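In: Take a look and give me a structure for this.
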Amino acid sequence: MDYVKYCNINNFKPDGSTLKALDKIERKTKLSTTLKAAVSTVPIYKIFVEPSPKHSEVQSIITYDWIEFEKTIRSIDMTKRVIIGKIAQMEAINTHDFNNRQFWKCVSNATR
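Out: Sure thing, here's the model as predicted:
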């Protein structure tokens with residue numbers, strides 16, 4: 001399918017339901033961004049701020065599971081896409097307006 005033609009929404013005017021859904025997406029993605037920032041500070045806190053003998057800081061850096069940490073950080077972005085995709089799918093199903101349905105189908109396809 002040619003998404004450029006299919007997703008041509010130059011003159012699209014979202015209805016109230018679409019505006020509410022876009023607001024919901026914005027709130028959820030902001031929350032995800034906040035979560036990512038919070039999670040990313042955990043290793044720094046655990047290694048340098050928690051009270052411990054000084055020699056254990058080096059050991060903590062060496063033994064910290066950085067691969068698992070990276071997976072966690074990356075999954076937040078994937079989670080963001082999944083959340084947007086689910087909202088878009090529900091909006092595409094529930095809207096009766098053709099242009100809004102096309103818009104949500106485009107959003108849904110972009111998140112896959």
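In: CA atoms for contacts and neighbours, from now on please.
Out: Will do.
In: buried residues in the helix or strand Asp23 falls within?
Out: For Asp23, the host element (DSSP states H and E) is helix 16-44. By 16 or more other CA atoms under 10 Å, the buried positions in helix 16-44 come out as 18, 21-22, 25, 29, 32, 36, 43.
In: Which of these sits closest to Asn94?
Out: Among these, Thr18 lies closest to Asn94 (CA to CA), at 10.5 Å.
In: would TSV of the buried residues of helix 16-44 with distance to Lys105 and pLDDT be doable?
Out: Below are the buried residues of helix 16-44 laid out as TSV (distance: CA to CA, whole Å; pLDDT from 0 to 100):
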residue	distance to Lys105	pLDDT
Thr18	12	89
Ala21	14	92
Leu22	14	90
Ile25	15	89
Thr29	19	84
Ser32	23	79
Lys36	28	77
Pro43	39	66
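In: closest to Phe98 among these?
Out: Checking the buried residues of helix 16-44 against Phe98 by CA to CA gives Thr18 as the nearest, at 12.2 Å.
In: Much appreciated, bye for now.
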